[in-house]
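>>> Pasted the sequence and its predicted model underneath.
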Amino acid sequence: MTSSTQPPMGARGNGRRRRRDLMVPEAEFRSYYGRPIIKEPAWTIEVPWYFFAGGMAGASAPLAVAARMTGNERLARSAVTVAAAGIAVGTPLLVSDLGRPERFHHMLRVIKPTSPMSMGSWVLAAMGPAAVGAAVSDRLGILPGLGRAAEVVSGLLGPILCTYTGVLVANTAVPVWHEAGRELPLVFAGSALASAGAATTVLTPAADAGPSRRLAVVGAVLELGAAGAMERRLGELAEPYHQGPAGRYARLARGCTVLGAAAMAVAGTRRRWAAVAGSGLLLAGSALERLAVYKAGFQSARDPRYVVKPQRAGLEAANR
Amino acid sequence: MTLTDLPTPTFGGGYDGESRPRMGFFTDTSICIGCKACEVACKEWNLVPERGPLELSGTSYDNTGALGANTWRHVAFIEQEKPVQVPDVDLAAAAAAAAAAETTAPQAREGMRWLMSSDVCKHCTSAACLEVCPTGALFRTEFGTVVVQQDICNGCGYCVPACPFGVIERREDDGRVFKCTLCYDRLKDGMEPACAHACPTKSIQFGELEELRERAEGKVQALHEAGFSDARLYLHDETNGIGGAGAFFLLLDEPEVYGLPPNPVSTTRDLPRLWKAAAVAAGVVVTAVAAAVAGGRR
């Protein structure tokens, strides 16, 4: 049998989530033995962890510059430390995901704007030494002039580092990623801001950590809002966010982020333990959100319905 | 000028005088007999390793399942509860009809039909795999085909989810990605690709793309006139989301029945919009940081 009537989208979800999908009239769907049309990504679990570490570094770098400009040296130190640590952890993760890690430097053979991975590699190659140099200079007190210059370079590149990853995954044929191209950079930006705010809150004395706590809450709100907007735009294609591993990660991510932001906003200023607990939850929420997006892509690629139905609908709209 | 504005026959990318007419495949599935000589010839010529344990998919004779790192030609088998359209042959009458140069209208009958189709890399005009490749390992040859330089590929895997057809794949024990090269080595020596050479029915036709397109138009028209209303061309012109394919098909049912996307689009067509979204998000990051710091130290 090649032509099969599949259960309606959402039929495997729970009752509450099924409601909206059932209102969509069921169309005939045909496939080749239910086999996938596109390939699942070849990436491994290092990739979402790189998104997390790189995002945290990318949002911490401008925070360091802003803190330094306002004379908050203590916060600036925490932020450059997080930026350097995030890059130092993220870059090896990225290299180890390659099929041929020893050829990592081939990433710098060409500059290709049509390849977000190429652009990201160049940003990382420029920002990595700057972020690590700024942190070393700050901690050891050597070459302060050069250290500050590196801090500024890192601060300028950071916002790109924590948002290009949204373009990276959206620029594929994977429906749940590609069709969310407008929201994914914002989801990742929110996730990055929340994690950067959380990490620097933990590392900074409470009296100097006001900006970090506010950044964490703002980031969490952005992360939740953008993720909601993403699901609304995806409509039926958002189904992976309610099923399987991606569904579990998404629910956990949003739970952690809501609780963490609440703890931080309500008691973070007065109670150190609330700020630290909130930070832990926000860091977990940020990482889980990356894992949810990552896993959703695999689930989306596996099912030919997500490829065929929107393409058919597009063809029919064009022919009408 | 974008890539998709370039004229199809030549991409004009070759160095002095090296540019060749764009070469491609026309796979006419109406005469495919599912023999898999193409799969075997491809494996032999290109030294493609074993795919894995032999297994048949569904209730068919398809034992390769899909294109991938170790399957550069894939013969799909589809069994349908649909009568085969055959000319109602009465030999004497057929001979008389042939003599009178008349076509006999096909008669619908009870029963099943088999569809067979040899799938391959489409060598797209707007090739997402090539455009997202961060190392430049994937490149456009002087024949307008898309090939991986194996000494450059570092196995980043970006091309794998970028391909709207699920063609290119990472070979896990090797780490690099592999796909059809349209027998680049044979083309350089003026030979046709191994699969086309081995095809016993000329279902796989190799040649200059412009000429193949004309031939395909003629074939589908002839089939329609003979009453085969199912026949259709897939990816034969430049109106699709990949700007035209170097390998296109004549199919007897909808593309998704063969495991092909009905309306493939190269993801990089949306890239300007995606970069704009990232720029907005980066602006949001800067604004959020500035606002958080402006709120004071405590």
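Everything's here; your move.
>>> Can you find the helix or strand of the chain with the lowest average pLDDT?
Picked chain A for this. Counting by mean pLDDT, DSSP states H and E, the weakest-scoring helix or strand in chain A turns out to be helix A:15-22, with a mean of 43.
>>> actually chain B
Ranked by mean pLDDT, DSSP H and E, the helix or strand of chain B with the weakest confidence is strand B:106-107, at a mean of 54.
>>> Who does the closest residue to residue B:84 other than its chain neighbours form a beta bridge with?
In this structure, residue B:84 finds its nearest non-sequential neighbour in residue B:113, 4.3 Å apart by Cβ to Cβ, 6 or more residues apart in numbering or on different chains. From N, CA and C alone the C-beta is placed, and that goes for glycine too. Legend: beta-bridge partners of residue B:113 under DSSP bridges are residue B:80.
>>> Just give me the neighbour total for residue B:113.
Using other Cβ atoms under 10 Å in any protein chain shown, residue B:113 has 17 other residues around it.
>>> so it makes contact with residue B:83?
Yes: the criterion here is Cβ atoms under 8 Å, and residue B:113 meets it with residue B:83 at 6.7 Å.
>>> follow-up on the earlier one: in contact with the residue nearest to residue B:84, which residues?
Taking Cβ atoms under 8 Å, 6 or more residues apart in numbering or on different chains as the contact definition, residue B:113 lies against B:79, B:80, B:82, B:83, B:84, B:85.
>>> Find the nearest non-adjacent residue to residue A:152, please.
residue A:65 (5.9 Å).
>>> For that neighbour, list the residues it contacts.
Applying Cβ under 8 Å, 6+ apart to residue A:65 gives the contacts A:76, A:151, A:152, A:154, A:155.
>>> Which of these sits closest to residue A:89?
Closest approach to residue A:89 among the contacts of residue A:65 (Cβ to Cβ): residue A:154, at 15.6 Å.
>>> buried residues in the host helix or strand of that closest one?
Counting by DSSP states H and E, the secondary-structure element that holds residue A:154 is helix A:144-161. Residues A:147-148, A:150-161 are the ones in helix A:144-161 that count as buried (16 or more other Cβ atoms under 10 Å in any protein chain shown).
>>> In stretch A:311-320, which residues are buried?
For stretch A:311-320, using 16+ other Cβ under 10 Å, the buried residues are A:311, A:312.
>>> cool, stretch A:283-299 as well?
Of the residues in stretch A:283-299, those scored as buried under the neighbour-count criterion (16+ other Cβ under 10 Å) are A:283-299.
>>> longest helix anywhere in the chain?
No chain specified, so I'll use chain A. With secondary structure taken from DSSP state H, chain A has its longest helix at helix A:272-302.
>>> should've been chain B
With DSSP H as the criterion, chain B gives helix B:271-294 as its longest helix.
>>> check whether it contacts chain A.
Yes: Helix B:271-294 comes into contact with chain A when judged by Cβ under 8 Å from any Cβ of the partner chain, the residues involved being B:271, B:273-275, B:277-278, B:280-286, B:288-294.
>>> Residue A:210 and residue A:275 touch, don't they?
No: contact criterion Cβ under 8 Å: residue A:210 and residue A:275 do not qualify, at 10.4 Å.
>>> got a list of what the residue in chain B positioned nearest to chain A touches?
Ranking the residues of chain B by distance to chain A (Cβ to the nearest Cβ) places residue B:155 first, at 1.9 Å. In this structure, residue B:155 makes contact with A:42, A:98, A:99, A:100, A:103, B:170, B:175, B:176, B:177, judged by Cβ under 8 Å, 6+ apart.
>>> Name the member of the residues you listed with the most neighbours.
Within those, residue B:177 tops the neighbour count with 27 neighbours, counted by other Cβ under 10 Å.
>>> Any idea which residue is closest to the centre of chain A?
Within chain A, the residue whose C-alpha comes closest to the C-alpha centroid is residue A:188; the distance, by Cα atoms, centre = their mean, is 3.5 Å.
>>> Ignoring the adjacent residues along the chain, who's closest to the residue in chain A that chain B sits nearest to?
For chain A, the residue positioned closest to chain B under Cβ to the nearest Cβ is residue A:99, at a distance of 1.9 Å. Counting by Cβ to Cβ, 6+ apart, residue B:155 is the residue found nearest to residue A:99 once chain neighbours are left out, at 1.9 Å.
>>> Double-check that that neighbour belongs to a strand.
No: remark: residue B:155 does not belong to a strand; assigned using DSSP: H, G, I helix; E, B strand; the rest coil, it is coil.
>>> show me what contacts residue A:58?
By Cβ under 8 Å, 6+ apart, the contact list for residue A:58 reads A:83, A:86, A:127, A:157-163, A:192, A:196, B:285.
>>> if we take those residues, which one ends up nearest to residue A:92?
Nearest to residue A:92 among those, counting by Cβ to Cβ, is residue A:86 at 11.8 Å.
>>> what's the angle between the helix or strand the closest one falls within and helix A:144-161?
In this assignment (DSSP H and E), residue A:86 forms part of helix A:73-96. Counting by axes from the mean of the first three to the mean of the last three Cα atoms, to 10 degrees, helix A:73-96 lies at 60 degrees to helix A:144-161.
>>> Who are the packing partners of helix A:73-96?
With contacts defined as 3 or more Cβ pairs under 8 Å, 6 or more residues apart in numbering or on different chains; DSSP states H and E, the packing partners of helix A:73-96 are helix A:46-69, helix A:116-140, helix A:144-161, helix A:184-203, helix A:210-234.
>>> so can I have JSON lines of those showing mean pLDDT?
Compiled in JSON lines, the helices and strands packed on helix A:73-96 are given as follows (pLDDT from 0 to 100):
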{"stretch": "helix A:46-69", "mean pLDDT": "98"}
{"stretch": "helix A:116-140", "mean pLDDT": "97"}
{"stretch": "helix A:144-161", "mean pLDDT": "97"}
{"stretch": "helix A:184-203", "mean pLDDT": "98"}
{"stretch": "helix A:210-234", "mean pLDDT": "98"}
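>>> tell me the most buried of the ones you listed?
Mean neighbour count, computed with mean count of other Cβ atoms under 10 Å in any protein chain shown, is highest for helix A:184-203 among these, reaching a mean of 30.
>>> what distance separates that one from the middle of the whole chain?
9 Å (Cα atoms, centre = their mean, to the nearest Å).
>>> If we ignore the residues flanking it in sequence, what's nearest residue A:51?
Here the nearest residue to residue A:51 in space, its sequence neighbours aside, is residue A:290; by Cβ to Cβ, 6+ apart that works out to 4.5 Å.
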